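Enquirer: What follows is a protein structure lacking sequence information:
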């Protein structure tokens, strides 16, 4: 019976995931437009994307751990409620500072969807059905995210950039159709709040340091302090509470750590282009809706990708699929760098299409690798930690373009980031050697 509803459940969860992603993709076309309205430059306005991606990243593991304790339903309801409230507050924000705060709340709520959606699929299905379901989820998510700039451009043209910020409220309409498919229950254990705070603070420090070229030395110092103090504190907390927020069994699982680090470069490429391409083209005179049209082919690719990704993932195994995603993400960034140099809409469109293919492979491959590598009792937190790395990669990508784009140029920022996916592929070497010719997830 569960196998019969896998398509419907995966597509609905993918729609939710895509609406969470639309919080960045639709807002990306508004960034060059909201800056002048609120009295900030484009580099500073990029914080509306970076803060969203950052809070989206650092709270994913919290939702994952909570789902281990109380099940998926309640934390997903809380997350969607917080995302909706943040989106409405962002639409009404009278100042840039309040807009950034609202976007932080919006991202913290949206963080529930990637982790809990994948946890729901992983708990409900197994074997080849799980691989197909994860592929469909990623495909729908990618398609909706790719349509975000077009939706944002059309909404901005008709109603202004504030209406764009409210688009993620549509997630409320999807939840009732999923309620029966979401698992309740959980272990009932308590949450390691200190561990959650330390992980969130450390991840925040990394992104603040990367963003600091556009925001000044004070942000750099704050980021450095958070990272320098947070990393050893997290390690100490893991030793002190081996079954706490970051279970020792997850931290010491080499497959989980290598897969998460390798996969993080894929959303770095996606978010970098999400911020950089609209900024480039709008500066060249394109309108927001024209930029959105450029991403429509990528949305079609995302919709078609599950037919390829699911069978390939089942055949070659998650590590090899992650390697494909890494090579594709690097190639996409190189194309983007070339397109940025000549302000070529064709090359930039191809680069976004290429990174869409990479994302279509990378996200389900990561989830399949992690889900198969850990005990079901800690699957939620393992998926949350993996998604944390995945989305921190996204916030780093947007931060590099926002922080260094004004210094070295957006094209050079793309070229610099193109090295990261290849380093990720190198990390996977032990897993690639062990992966059989045919694998099942």
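Expert: Done, it's in. Keep in mind the model is a prediction, meaning the values are calculated, not measured.

Enquirer: name the element the residue nearest to the spatial centre of the chain belongs to?
Expert: Nearest to the mean C-alpha position of the chain, by CA atoms, centre = their mean, lies residue 391 at 4.0 Å. Mapping residue 391 onto the secondary structure by DSSP states H and E places it in helix 379-408.

Enquirer: what's near enough to touch the residue nearest to the centre of the chain?
Expert: Contacts for residue 391 (CB atoms under 8 Å, 6 or more residues apart in numbering) come out as 53, 56-57, 60, 111, 114, 267. Every C-beta, even on glycine, is put in place using the N, C-alpha and C of the backbone.

Enquirer: Just the ones of these in helices?
Expert: 53, 56-57, 60, 114, 267 (DSSP state H).

Enquirer: Now render these as CSV, adding distance to residue 395.
Expert: CSV is the format used below for the ones in helices among the contacts of residue 391 (distance: CB to CB, whole Å):
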residue, distance to residue 395
53, 4
56, 8
57, 5
60, 11
114, 13
267, 9
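
Enquirer: Flag the least confident of the residues you listed.
Expert: Among these, residue 57 has the lowest pLDDT, at 70.

Enquirer: any idea of the pLDDT on the closest residue in space to that residue that isn't next to it in sequence?
Expert: Nearest residue to residue 57, sequence neighbours excluded (CB to CB, 6 or more residues apart in numbering): residue 391, at 3.5 Å. Residue 391 is assigned 71 on the pLDDT scale.

Enquirer: same deal with residue 84?
Expert: Reported pLDDT for residue 84: 90.

Enquirer: between the particular helix or strand that has it in it and helix 379-408, how many degrees?
Expert: Here residue 84, judged by DSSP H and E, is contained in helix 73-92. On the basis of axes from the mean of the first three to the mean of the last three CA atoms, to 10 degrees, helix 73-92 is oriented at 20 degrees to helix 379-408.

Enquirer: Begin at 31, not 1, for the rest of this chat.
Expert: With 31 as the first residue, the last one maps to helix 103-122.

Enquirer: Mind listing what's buried along helix 103-122?
Expert: Across helix 103-122, burial judged by 16 or more other CB atoms under 10 Å covers 103, 105-106, 109-110, 112-114, 116-121.

Enquirer: How far off centre is that helix?
Expert: Chain-centre distance of helix 103-122: 17 Å, with CA atoms, centre = their mean, to the nearest Å.

Enquirer: Over to stretch 56-71?
Expert: 21 Å.

Enquirer: How about residues contacting that stretch?
Expert: Here stretch 56-71 makes contact (CB under 8 Å, 6+ apart) with 72, 74-76, 78-79, 82, 125-126, 129, 133, 178-179, 181-183, 185-186, 191, 194-195, 197, 304-305, 308-309, 312-313, 318, 321-322, 436.

Enquirer: among the residues you listed, which ones are buried?
Expert: 72, 74-76, 78-79, 82, 126, 129, 133, 178-179, 181-183, 185-186, 191, 194-195, 197, 304-305, 308-309, 312, 318, 321-322, 436.

Enquirer: from those, which ones fall inside helices?
Expert: The helices, defined by DSSP H, take in 72, 74-75, 78-79, 82, 126, 129, 133, 178-179, 181-183, 185-186, 191, 194-195, 304-305, 308-309, 312, 318, 321-322, 436 from the buried ones among the contacts of stretch 56-71.

Enquirer: Residue 332 touches residue 391, doesn't it?
Expert: No: if you go by CB atoms under 8 Å, residue 332 and residue 391 don't touch, sitting 11.3 Å apart.

Enquirer: hey, what's in contact with both of the two?
Expert: Residues touching both residue 332 and residue 391 (CB under 8 Å, 6+ apart): there are none.

Enquirer: And residue 393, how close does it get to residue 416?
Expert: 10 Å (CB to CB, to the nearest Å).

Enquirer: Find residues that contact each of those two.
Expert: Counting by CB under 8 Å, 6+ apart, the contacts common to residue 393 and residue 416 are residue 293.

Enquirer: The stretch 131-280 of the chain: helices as residue ranges?
Expert: Taking DSSP state H, counting those that start in this stretch, the helices of the stretch 131-280 of the chain run over residues 142-154, 157-189, 191-195, 223-241, 247-270, 278-281.

Enquirer: Could you list every helix and strand in contact with the second one?
Expert: Read it as helix 157-189. Helix 157-189 sits against helix 36-58, helix 142-154, helix 191-195, helix 318-324, helix 326-346, helix 375-403, with contacts defined as 3 or more CB pairs under 8 Å, 6 or more residues apart in numbering; DSSP states H and E.

Enquirer: tell me the most buried of those?
Expert: helix 142-154 (a mean of 28; mean count of other CB atoms under 10 Å).

Enquirer: which helices and strands does that one pack with?
Expert: Secondary-structure packing of helix 142-154 (3+ CB pairs under 8 Å, 6+ apart): helix 36-58, helix 90-100, helix 103-122, helix 157-189, helix 375-403, helix 409-438.

Enquirer: Residue 356 is nearest to which of those?
Expert: Residue 356 lies closest, by CB to CB, to one member of the helices and strands packed on helix 142-154: helix 375-403, at 7.5 Å.

Enquirer: low pLDDT regions in the stretch 231-380 of the chain?
Expert: Applying pLDDT under 70 to the stretch 231-380 of the chain picks out residues 237, 240-246, 336.

Enquirer: Surely residue 50 is in contact with residue 144?
Expert: Yes: the criterion here is CB under 8 Å, and residue 50 meets it with residue 144 at 6.8 Å.

Enquirer: shared neighbours of those two, anything?
Expert: Common neighbours of residue 50 and residue 144 (criterion: CB under 8 Å, 6+ apart): residue 86.

Enquirer: Quick check: residue 350 vs residue 287, distance?
Expert: Applying CB to CB, the value for residue 350 to residue 287 is 18 Å.

Enquirer: I figured residue 394 hits residue 165, correct?
Expert: Yes: at 5.1 Å, residue 394 and residue 165 qualify as touching, with contact defined as CB under 8 Å.

Enquirer: Find the residues that touch each one of those two.
Expert: With CB under 8 Å, 6+ apart, residue 394 and residue 165 have common neighbours 339-340, 343.

Enquirer: Now distance to residue 381 too, for the residues you listed, in a markdown table please.
Expert: Formatted as a markdown table, those follow (distance: CB to CB, whole Å):
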| residue | distance to residue 381 |
| --- | --- |
| 339 | 20 |
| 340 | 25 |
| 343 | 24 |
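
Enquirer: now, which of the residues you listed sits nearest residue 427?
Expert: residue 339 (21.5 Å).

Enquirer: show me the contacts for the closest one.
Expert: Listed by CB under 8 Å, 6+ apart, the contact partners of residue 339 are 165, 168-169, 351, 390-391, 394.

Enquirer: okay, now residue 200: neighbour count?
Expert: Neighbour count for residue 200, taken as other CB atoms under 10 Å: 17.
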